[in-house]
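Trainee: Any chance you can model this:
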Amino acid sequence: MFLIFDPVYLVLAMAGYFVMFFLAATIAPKVAGSVAGRFSLYTSMLILAILILAVSGSIIYYVLLYSGVYIGFYGLIAFLIVVNILMYLFSPKIVNMMYGAKPSPELQAVVDEIAMRLGDGRKYKAMVVRSPPNAFAYGNFLSGKFVAVSDTLMSMLTKEELMAVVGHEIGHHRHRDSAVMLLFGLLPSVIFYLGYALVYSGMRDERGRTTALVGIVAVIASFIVQILVLAFSRLREYYADTEGVRVTGKLPMQTSLAKIHAFYHRVPRALDEVQGSSFKTLFIYAFTDAVASPYISARDIETLKRVKVSPVQEFLSTHPPIPKRLRFIDSLPY
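Mentor: Here you go, the predicted structure:
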């Protein structure tokens, strides 16, 4: 039986999503606001990474300790790890097929130039894909490293703006974000399925209610860890933006982001396509709000910086909102 038709699975998932939405709407913004500006980007990433690993490791340890480590738990963890590793290994072929990726000599020249400016001696494969305006980095040690830019985005951007976008994507490769986010993204899933297995075990176990309760707590905790992982993902996007700024300066990075943002206001169907993609964590743009004008000037950028964003949208997104990214770019020393 598929899990999606399992009533226990559905109830647990709904409870977890309710808690996640509640935290994103209430507690998370207050916590973020209280620590905003206190730490550098690098320190924030380090603290959050340690917190995610510590919380996740503790939950997994105590759940396994309580459960007596049934062989089924090891099987669940092994299954999730294998599935994610296989996805990591085969995703380049899947992406290439899904998006009709083709090598582009024109884009390759830009990618090679940006890699050289960043002092990166690795060879990145430049691919043009058929999709709404977007760009992403993908690949692994078997397939090689790819930098993809959609044909629509290439037609929208100036050369400097395109170079900034490519710098952002190469930044993801330089920071090993595919592997890093694979590891961190795996943790909430492991905790959820451990809790799910415990709930089922509680239905048969003589300790019954207590076992099921521990499982429910683990499931809820998995959604809390997911909020932390989403926050870490947003920090990695800021981190990649620094590479784009290093290449071209602040304005081209800002105008490229604002142009992408504006497009999705005019074409809601394209926004739905991006948000519904299984690969949206790879994209340079995957947020939900947008600015009104498709034509970007310095004044438009300044206006966009002041746009207020829904806390729920922000804290449930893999990417930071564009207004915050623009303000972050302003704060960079180069």
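
Trainee: What residues does M156 make contact with?
Mentor: Neighbour list for M156: 133, 259-260, 263 [criterion: C-beta atoms under 8 Å, 6 or more residues apart in numbering]. (C-beta placed from N, C-alpha, C; glycine too.)

Trainee: One more: L89?
Mentor: Neighbours of L89 in contact, by C-beta under 8 Å, 6+ apart: 140, 142.

Trainee: give me the element it is part of.
Mentor: Here L89 sits within helix 71-98, counting by DSSP states H and E.

Trainee: Following the chain onward from that helix, which element is next?
Mentor: strand 102-103.

Trainee: who's in contact with that next one?
Mentor: 125-129.

Trainee: make it 10 Å
Mentor: Strand 102-103 is contacted from outside by 96, 125-130, 146, 148, 151, using C-beta atoms under 10 Å, 6 or more residues apart in numbering.

Trainee: among the residues you listed, which are in strands?
Mentor: If you go by DSSP state E, the contacts of strand 102-103 have 125-129, 146, 148 in strands.

Trainee: Compare those residues and tell me which is most surrounded.
Mentor: The residue in the ones in strands among the contacts of strand 102-103 with the most neighbours, by other C-beta atoms under 10 Å, is A148 (27 neighbours).

Trainee: Let me know whether that residue touches Q108 as I believe.
Mentor: No - the pair A148 / Q108 is not scored as a contact, 11.8 Å apart, by C-beta atoms under 10 Å.

Trainee: Find residues that contact each of the two.
Mentor: In contact with both A148 and Q108: 125-128, using C-beta under 10 Å, 6+ apart.

Trainee: doesn't A218 make contact with V55?
Mentor: No - under the criterion of C-beta under 10 Å, V55 makes no contact with A218, lying 11.9 Å away.

Trainee: coming back round to it: mind putting the shared contacts of A148 and Q108 into TSV with pLDDT and distance to Y200?
Mentor: Formatted as TSV, those follow (pLDDT from 0 to 100; distance: C-beta to C-beta, whole Å):
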residue	pLDDT	distance to Y200
K125	97	45
A126	97	48
M127	97	44
V128	96	47
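
Trainee: Out of those residues, which comes closest to A115?
Mentor: Nearest to A115 among these is A126, at 10.2 Å by C-beta to C-beta.

Trainee: Can you name the residues that contact the closest one?
Mentor: A126 sits next to 101-112, 146-149, 166, 169 when contact means C-beta under 10 Å, 6+ apart.

Trainee: Show me just the buried residues among these.
Mentor: Buried by 16 or more other C-beta atoms under 10 Å: 101, 104, 107-108, 110-111, 146-149, 166, 169, out of the contacts of A126.

Trainee: which ones are touching the spatially closest residue to Y88 that is not a sequence neighbour?
Mentor: Nearest residue to Y88 in three dimensions, chain neighbours excluded: L182, at 5.4 Å (C-beta to C-beta, 6 or more residues apart in numbering). L182 is in contact with 81, 84-85, 87-88, 91, 140, 176, counting by C-beta under 10 Å, 6+ apart.

Trainee: List buried residues within the residues you listed.
Mentor: Counted by 16+ other C-beta under 10 Å, the contacts of L182 give 84, 88, 91, 140 as buried.
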